[in-house]
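In: Generate coordinates for the sequence data below:
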Amino acid sequence: MLGEFIDVAILGKISKKGVYTGYIVRCENKKYKRTSIVVFSRTPLSETVHCTVIATTQLNNNIKFIAAPSGQIYYQPEIKELLREVRNVRYNKLTCLYEKSCGAIVFHRFSDGIKVLLVKNHNGRYWSFPKGHMEKNENEHQTAAREIKEETGLTVRFYDNYRQISDYVPFGRIKKRVVFFLAEARTADVKIQKSEIDLYIWVTFEEAQRMCKYENDLRVLKKAENMIKYHDRRKREKRRNIIK
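Out: Residues are numbered from 1 along each chain as shown. I've put the predicted structure just below:
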């Protein structure tokens, strides 16, 4: 059912934050017709609404579906927060249609040039960049900074005007979005989080382009390299103007 389009008859609102109850009146899988469902919405709902199933979970020991009007996206932290608004509900095994992570292209200025940090996590077959899921009340920069610190022990400084989005569907219908920033590390002294990361390596941009396999990673990497070159060129021009 995850990701399926359904029509829901709305029965009523059970939370001020936009949580409704209803039942399915049309769906691809006929056996779920008339099944009760929880609906989240940022706009008022009434009567019948065209929705997407955005999460599945177990509520009070029964499998339950959570939907939202088509086009409204809810990530796991917000879904968990809204479920807390429902009285007398206990849930577990929450699976969400939309997942969001934040991370960064982390670089350091070594004596022999700029190098990029690549990591390989336990479940990953390929080299990539530090990143992780957003948590409650975090903005994107806060998530990226926390994940970088947890996974590598590095404190970083983010560059302005760099925000790249990588969307992909790794399996099934789950839609993943990763927001990447550009960040300079103050030191190259990496202390990996052994519960998450297997390996790390500092490499040049040219080496990173050969080692990264995903097209999205190659794209954000090239844009990061261009941003650093642009930033460094502007700094040089500013110094020359000051000397003049």
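
In: beta partners for C96?
Out: Beta bridges link C96 to A55 when assigned by DSSP bridges.

In: scratch that, G12
Out: Judged by DSSP bridges, the bridge partners of G12 are T21.

In: That one and Y23 touch, don't they?
Out: No: applying C-beta atoms under 8 Å, one finds G12 not in contact with Y23, separated by 11.5 Å. Backbone N, C-alpha and C define where each C-beta goes, glycine included.

In: More neighbours: which of these two?
Out: Legend: neighbour count by other C-beta atoms under 10 Å for G12 and Y23, higher for Y23 (14 against 9).

In: So the more buried one sits against S36, correct?
Out: Yes: when contacts are counted by C-beta under 8 Å, Y23 is listed as touching S36 (5.2 Å).

In: can you give me the end-to-end distance of stretch 65-73?
Out: Between the start and the finish of stretch 65-73 there is a gap of 15 Å, counting by C-alpha to C-alpha, to the nearest Å.

In: Report the buried residues of it.
Out: Within stretch 65-73, the residues scored as buried using 16 or more other C-beta atoms under 10 Å are F65, I66, A67, A68, P69, Q72.

In: do you know how far the residue nearest to the last one when sequence neighbours are not counted is from A9?
Out: Meaning Q72. Counting by C-beta to C-beta, 6 or more residues apart in numbering, Q72 lies nearest to R42, which is 6.0 Å off, once chain neighbours are set aside. Applying C-beta to C-beta, to the nearest Å, the value for R42 to A9 is 20 Å.

In: pLDDT below threshold where in the chain?
Out: Applying pLDDT under 70 to the chain picks out residues 59-61, 63, 87-91, 124, 242-244.

In: what residues are up against V49?
Out: In this structure, V49 makes contact with D7, V8, I10, G22, V39, S41, P69, judged by C-beta atoms under 8 Å, 6 or more residues apart in numbering.

In: Same question for N161.
Out: With contacts taken as C-beta under 8 Å, 6+ apart, N161 has the following neighbours: M227.

In: count of neighbours near the residue nearest to T155 when sequence neighbours are not counted?
Out: Counting by C-beta to C-beta, 6+ apart, T155 lies nearest to R186, which is 5.8 Å off, once chain neighbours are set aside. In terms of burial, R186 registers 11 neighbours under the definition other C-beta under 10 Å.

In: Likewise for L11?
Out: Taking other C-beta under 10 Å as the definition, L11 ends up with a neighbour count of 13.

In: Likewise for K33?
Out: Using other C-beta under 10 Å, K33 is surrounded by 13 other residues.

In: give the contact list for it.
Out: For K33, counting by C-beta under 8 Å, 6+ apart, the contacting residues are I24, V25, R26, C27.

In: In strands, which of those appear?
Out: When DSSP state E is applied, those are split such that I24, V25, R26 fall in strands.

In: quick one: contacts for I197?
Out: The neighbourhood of I197, defined by C-beta under 8 Å, 6+ apart, consists of V119, K120, N121, H122, E151, T152.

In: can you give me phi and psi for H50?
Out: The phi and psi torsions at H50 (degrees, to the nearest 10) take the values phi -80, psi 120.

In: buried stuff in the helix of greatest length in the chain?
Out: For the chain, the helix reaching the highest residue count under DSSP state H is reported as helix 215-243. Within helix 215-243, the residues that qualify as buried are N216, D217, V220, L221, A224, E225, M227, I228, H231, counting by 16+ other C-beta under 10 Å.

In: For that helix, enumerate the helices and strands it packs against.
Out: Using 3 or more C-beta pairs under 8 Å, 6 or more residues apart in numbering; DSSP states H and E as the contact criterion, the secondary-structure elements in contact with helix 215-243 are strand 98-110, strand 113-121, strand 164-168, strand 175-185, helix 205-211.
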